[in-house]
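J.: Could you work out the structure for the sequence below:
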Amino acid sequence: MNRANVSFTFLDRVTEVEFNIQDGRWQSALALALTLPDICGGIAFPDIVKRYRDGRIMLDRQKNPTRDVGAQYIRWFDEYASDFFKISSEDETPYICGERCWQLRCEYLHQNKGFFNDENSNQIHFHLGINCGTSVCQLDRQEIRNGSTDVRIDIEQFCIRMSRAARSYYEAAHKEKDFSLYNTPVLDFIQAGQGTRTNPLITILCADPTYAKGLSMAVKSVSAQTLIFSSIEEARKKLGKRNPVVWIVMDEVIKENEQEWKKSRKRPIILLTGKPQKYFQSEQDKLTVLTLPIKPEELRTAIRQYLQ
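T.: Down below sits the predicted model:
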């Protein structure tokens, strides 16, 4: 059965925060808003990873470097979101910093501790409020008493400001950064039962990053989900368990690793080459050979044939 892929994108998540704000669904809005720096931090600072005391990089089960999520989160907030959390444009510092936001995220999503009604010994207590007015609660920024710090936050204003920060970062970075790596996989089972696919995952294997981005733009009307890799090894490492519906492959990638190419002949592949006579197509192969230079509509038509 064809599975209809309607994965949630980064902008879908931001939009859902905004819808929850409009509907007054404060818990949902805050929970989603607090995850936005998780995604943005991973995109902006992929080189910030966890290390052992001797400096060696920690690896996960797939042998990839392990993200230092907290460090990525805090740095992204401080560099890209902090200006949106200044009550006045004249303020030198934001109402809340990246470290405090990370703490709020962990306590709200995982522990539900550190709030004003919690009598534990935490040094930081967050006071969440609604209907506080136009500022972030119009209360003292941070009040220190009895050795602890009270941070007051208006949920609506916090979520609005975080959404604006996330959209601003997306607009500045989406042409250079691959936000689709953080899509949430979702299947539409009604469409799946009808044998249709929407927004399928398409992988582009191309050593030239500029040309690869051009290919991605050419197929955007077919699918907003495209991943770009410079080699089969990189694709295999980063895709994990995800299975692209279609592979768009430049022939120079094949030359670099002939064995991997032979293993991949059962995958739906659109091969772009200047010498199509070199490639033999059998009925067992899910292979379409297109001659360079290629017209965008020709490429889109070849993709749609695999989706039917």
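J.: Y52: what's its closest spatial neighbour, skipping adjacent residues?
T.: Distance criterion C-beta to C-beta, 6 or more residues apart in numbering; nearest residue to Y52, sequence neighbours excluded, is M58 at 6.4 Å. The way it works is simple: take the backbone N, C-alpha and C, and place the C-beta from them, glycine included.
J.: contacting residues for D83?
T.: P94, A165 (C-beta atoms under 8 Å, 6 or more residues apart in numbering).
J.: Could you do Y169 as well?
T.: C40, A44, W76, Y80, A81.
J.: Please verify my assumption that the second one contacts A173.
T.: Yes. Applying C-beta atoms under 8 Å as the test, A44 and A173 come out as touching, 7.2 Å apart.
J.: Next one: the residue nearest the centre of the chain from E90, what distance?
T.: For the chain, Y182 is the residue whose C-alpha lies nearest the centre (C-alpha atoms, centre = their mean; 2.7 Å). The gap separating Y182 from E90 is 35 Å, by C-beta to C-beta, to the nearest Å.
J.: same deal with E176?
T.: 32 Å.
J.: More neighbours: which of the two?
T.: E176 (9 against 6; other C-beta atoms under 10 Å).
J.: So the more buried one, which state does it fall into?
T.: When classified by DSSP: H, G, I helix; E, B strand; the rest coil, E176 comes out as coil.
J.: quick one, phi psi at it?
T.: phi -110, psi -30 (degrees, to the nearest 10).
J.: ok, now I294?
T.: According to degrees, to the nearest 10, I294 has phi -110, psi 140.
J.: show me the contacts for the residue lying closest to T93 once chain neighbours are set aside.
T.: Setting aside the residues directly before and after it, T93 is nearest to K86 in space (C-beta to C-beta, 6+ apart), at 7.4 Å. The contact partners of K86, by C-beta under 8 Å, 6+ apart, come to T93, P94, Y95.
J.: Which helix or which strand is home to N199?
T.: In the assignment (DSSP states H and E), N199 maps to no helix and no strand.
J.: Check the burial of it by counting its neighbours.
T.: Residues near N199, counting by other C-beta under 10 Å, number 18.
J.: and what of F10?
T.: 22.
J.: okay, it: pLDDT?
T.: The model reports F10 with a pLDDT of 93.
J.: for K278, same thing?
T.: We have a pLDDT of 70 for K278.
J.: List the residues that contact it.
T.: D251.
J.: In terms of neighbours, single out the busier of A44 and A173.
T.: Counted by other C-beta under 10 Å, A44 and A173 do not tie: A44 has more neighbours, with 18 against 15.
J.: any idea how far the more buried one lies from Q157?
T.: 24 Å.
J.: next one: C206
T.: The value you get for C206 to Q157, if C-beta to C-beta is used, is 44 Å.
J.: R13 now?
T.: Applying C-beta to C-beta to R13 and Q157 gives a distance of 19 Å.
J.: Compare those two (neighbour count), which wins?
T.: Q157 (22 against 19).
J.: Please identify the helix or strand for the more buried one.
T.: Per DSSP H and E: helix 155-173 holds Q157.
J.: cool, and L227?
T.: Counting by DSSP H and E, L227 is part of strand 226-229.
J.: Tell me which helix or strand comes right after that strand.
T.: Taking DSSP H and E, what comes next after strand 226-229 is helix 232-239.
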